[in-house]
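> Sequence plus predicted model, see below.
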Amino acid sequence: MNQEFPENFLWGCATSAFQVEGAYNEDGKGLSLADVRSMSVDPTEEPTKALANVGDEIADSKIASDHYHSWEEDVELMKELGLKSYRFSIAWTRIYPNGDDEQINEKGLAFYDKLIDRLNKYGIEPVVTIYHFDFPCGIQKKYGGWRNKQSIEDFNRYACTLFEHFKGRVRYWLVNNEQNAMIRRDSYLGIEEKDILKRERLRHLCNHNMYVACAKAIASCHQIDPEAKIAPVMAYSPTYPKDSKPENILAAKKSEDLYRNYMIDVHCRGEYPAYYLRWLRDNGWDFPISDEEHEILKAGKPDFYAFNYYRSSCAEYCPEDVSPELVERYRVDAKRRMLPGICRHIDNPNIEPFPMNQWRLDPIGLRVAFRNIYERCHLPLMLCENGLGVPDILTNDFKIHDDYRIDYLKSHIIAMKEAVKDGIPVIGYHVWTFMDVISTSEGFKKRYGLVYVNRDEKGGDLNRYKKDSFNWYREVIKENGRNL
Ligand code: BGP
């Protein structure tokens, strides 16, 4: 068995439209829920996130990293980096400004035409996300968004427009980004209900409709462009038990099942596992599934499986009588969330927090992730996001000495290499991010990029500067990972 990365391995970087493009209302673009959210966050919604506290200083999607205007310079930098693939998303609202317009917005399509053609010219594989948190406000207002079955039709129409238009030019599609993270956040779903039972019912209905939409789009892709490969992208972090007490082992297992494993089953086997349906029923969150929907779920199977990994998580048993206020307070916080009688998430007592951002860094967790996911889906795997979000310092001579980021990326790529040696068919890896973008939680206060974008929460000249990690990653790509 080959112990190295395959020669055609996709060494890539990633971004997403609303976080990098800016030009939020140019050339006919409509507003998305991600735009609206990044421009005015409800501080009660995500109390643990810094974005809620920075008031007027939020860096939002109006300008972001101005990639819409600087794409040519950015792609030149990608070429210099030697990228084999670039993962980015298309903004639904550039193609159909309200989500369901009769006419395609040709100017929006033209932007991605230019970008995709240039990437292909340079031999950089475009890996395109169809929907990355940015549901159109138009159809949200019109019929309530994902809670309404019409969203499935509108999403499929938008996806088909892309498959037809970019046929032969885009070979890797990603249907949606982190559905499991998206459904935690009311602002991404347009949920405003205050009644908790109603709100949670809606959340699970939106989740289901998104699965149906995903499967439908996959089947459409297979029909329109049989050469293209398509997959959804999941947020994945393995959950370790706090210790070897049986109730904590079961709690960690249930956390994995209810937040992630069931998802792989829905995507790859086209059915919800019985434990998941029981959980919905026990809580009064269940919804009807029609025969037609069953068939759609069965018919739209991905060609590979994609996931994002930043760090692992840890869980213990959660008593039934934990206070409802606590459950509510931490419901969107993946590091603290709890399900009474099932599990609650805690800091892993075996991993020290990383001083720059308090993350519990865990490269071994990535190897565990590859094994867990592969054992469940038996499909080629693509890692679509991996990176370190911290503040960087631009020196007087315009350098960024981000050795901490290099350490992070290096240890994770080494872990991935071990997964390859374990025999797992890994087809690609994407650093989050190619260049600094607005973080979903902290604007420009923290950065992930290999390229520094000179702006802060208030703005700046938007000049690009290569960080030390840029030069380091270029060597990794050149050596196809043999130097690690
Ligand atoms: C992932 C998202 C990305 C990105 C990343 C970093 O969940 O897919 O869009 O934002 O997380 O998170 P943050 O921006 O909150 O630091």
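Nice, thanks for sending it over. Numbers count the residues shown, from 1 in each chain.
> Tell me where this structure is predicted with low confidence.
1-2, 38-58 (pLDDT under 70).
> Swap in 90 and give it another go.
Along the chain, the parts satisfying pLDDT under 90 run over 1-4, 34-62, 184-187, 192-194, 331-335, 440-445, 456-459.
> Any residues of it in contact with the ligand? List them.
Residues of the chain lying close to the ligand by CB under 6 Å from any ligand atom are 16, 19, 177-178, 181, 235, 308, 385, 389, 432, 439-441. Any C-beta I mention is one placed from the backbone N, CA and C, and that applies to glycine too.
> what's the closest of those to Gly300?
Of all those, Asn177 has the smallest distance to Gly300: 17.2 Å, by CB to CB.
> Who are the contact partners of the residue nearest to the closest one when sequence neighbours are not counted?
Distance criterion CB to CB, 6 or more residues apart in numbering; nearest residue to Asn177, sequence neighbours excluded, is His132 at 4.1 Å. Taking CB atoms under 8 Å, 6 or more residues apart in numbering, we find His132 in contact with Ser16, Ala17, Phe18, Ala34, Ser89, Asn176, Asn177.
> Now, those that are in helices?
Residues from those lying in helices, with DSSP state H as the criterion: Ala17, Phe18, Ala34.
> Among those residues, which one has the most neighbours?
Highest neighbour count within those: Ala17, with 30 neighbours (other CB atoms under 10 Å).
> Go ahead and confirm that residue touches Ile90.
Yes. Ala17 is in contact with Ile90 according to CB atoms under 8 Å; the separation is 6.5 Å.
> Which element, helix or strand, includes Glu193?
Using DSSP states H and E, Glu193 falls within no helix or strand.
> what helix or strand is the closest residue to it other than its chain neighbours on?
In space, and not counting its chain neighbours, Glu193 is closest to Arg199: 4.3 Å by CB to CB, 6+ apart. Per DSSP H and E, Arg199 falls inside helix 196-224.
> thinking again about what came up before, for the residues of the chain next to the ligand, which PyMOL command selects only the ones that are buried?
To isolate the buried members of the residues of the chain next to the ligand in PyMOL, using 16 or more other CB atoms under 10 Å:
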select buried, resi 16+19+177+178+181+235+308+385+389+432+439+440
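> Tell me which two of the residues of the chain next to the ligand sit farthest apart.
Based on CB to CB, the longest span within the residues of the chain next to the ligand runs between Asn177 and Gly389 and measures 16.3 Å.
> Okay, buried residues for stretch 95-110 please.
Ile95, Tyr96, Pro97, Asn98, Gly99, Asp100, Asp101, Ile104, Asn105, Gly108, Leu109.
> ok, now stretch 259-277?
Buried residues in stretch 259-277 (16+ other CB under 10 Å): 259-268, 270, 272-273, 276.
> Check what contacts that stretch and list those residues.
Here stretch 259-277 makes contact (CB under 8 Å, 6+ apart) with 179-180, 211, 214-215, 232, 234, 236, 239, 257-258, 286, 294, 297-302, 305, 373, 376-377, 379.
> List the ones among these that fall in strands.
Counted as lying in strands by DSSP state E, out of the contacts of stretch 259-277, are Pro232, Met234, Thr239, Tyr305.
> Does the first one touch Gln179 like I think?
Looking back up the chat, that one is Pro232. Yes. Under the criterion of CB under 8 Å, Pro232 makes contact with Gln179 at 6.7 Å.
> Mutual contacts of the two, please.
By CB under 8 Å, 6+ apart, Pro232 and Gln179 have these common neighbours: Cys214.
> neighbour-wise, which of the two wins?
Pro232 (31 against 23).
> Excluding residues flanking it in the chain, which one is nearest that one?
Excluding the flanking residues, the one nearest Pro232 by CB to CB, 6+ apart is Val175, at 4.7 Å.
> re the thing from before, can you get me a residue count around the residue nearest to Glu193?
Arg199 has 15 neighbours, counted by other CB under 10 Å.
> Surely Phe163 touches Arg169?
No. Using CB under 8 Å, Phe163 makes no contact with Arg169, being 10.8 Å away.
> As CSV, the ones in helices among the contacts of His132 with distance to Glu457 would be great.
Listed next are the ones in helices among the contacts of His132 as CSV, based on distance: CB to CB, whole Å:
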residue, distance to Glu457
Ala17, 20
Phe18, 17
Ala34, 18
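> Quick check: of those, which lies closest to Glu72?
When the ones in helices among the contacts of His132 are compared for distance to Glu72 (CB to CB), Ala17 wins out at 17.2 Å.
> got a list of what the closest residue to the ligand within the stretch 251-400 of the chain touches?
Residue nearest to the ligand within the stretch 251-400 of the chain (CB to the nearest ligand atom): Gly389, separated by 4.5 Å. Going by CB under 8 Å, 6+ apart, Gly389 touches Asn357, Ser439, Glu442, Lys446, Arg447, Tyr448.
> The closest residue to the fourth one other than its chain neighbours and Gly443: what is the separation?
Take Lys446 and drop its neighbours on the chain: the residue closest to it by CB to CB, 6+ apart is Gly389, 4.2 Å away. As for Gly389, its distance to Gly443 is 11 Å (criterion: CB to CB, to the nearest Å).
> Lys242 contacts Cys314, doesn't it?
Yes. Counting by CB under 8 Å, Lys242 does reach Cys314; the two are 5.9 Å apart.
> more crowded one of the two?
Between Lys242 and Cys314, Cys314 has the larger neighbour count (other CB under 10 Å), namely 25 against 21.
> quick one: secondary structure of the more buried one?
Assigned state for Cys314: strand (three-state reduction, DSSP: H, G, I helix; E, B strand; the rest coil).
> how near is it to His345?
Cys314 is 7 Å from His345, where distance means CB to CB.
> which residues are common contacts for these two?
With CB under 8 Å, 6+ apart as the test, Cys314 and His345 both reach Thr239.
> Find the pair from the ones in strands among the contacts of stretch 259-277 with maximum spatial separation.
For those, the farthest-apart pair by CB to CB is Pro232 and Thr239; their separation is 20.1 Å.
> In a helix, Met263, correct?
Yes. Under three-state DSSP, Met263 sits within a helix.
> mind checking how far it is from Asp257?
Counting by CB to CB, the gap from Met263 to Asp257 is 10 Å.
> next one: Asn105
From Asn105 to Asp257 the distance is 42 Å (CB to CB).
> residues contacting Pro391?
Pro391 makes contact with Met356, Lys445, Lys446, Arg447, according to CB under 8 Å, 6+ apart.
> Could you pick out the buried ones from those?
Counted by 16+ other CB under 10 Å, those give Lys445, Lys446, Arg447 as buried.
> Please flag which of those sit within helices.
Judged by DSSP H, the buried ones among the contacts of Pro391 include no members of helices.
> Many thanks, I have nothing further to ask.
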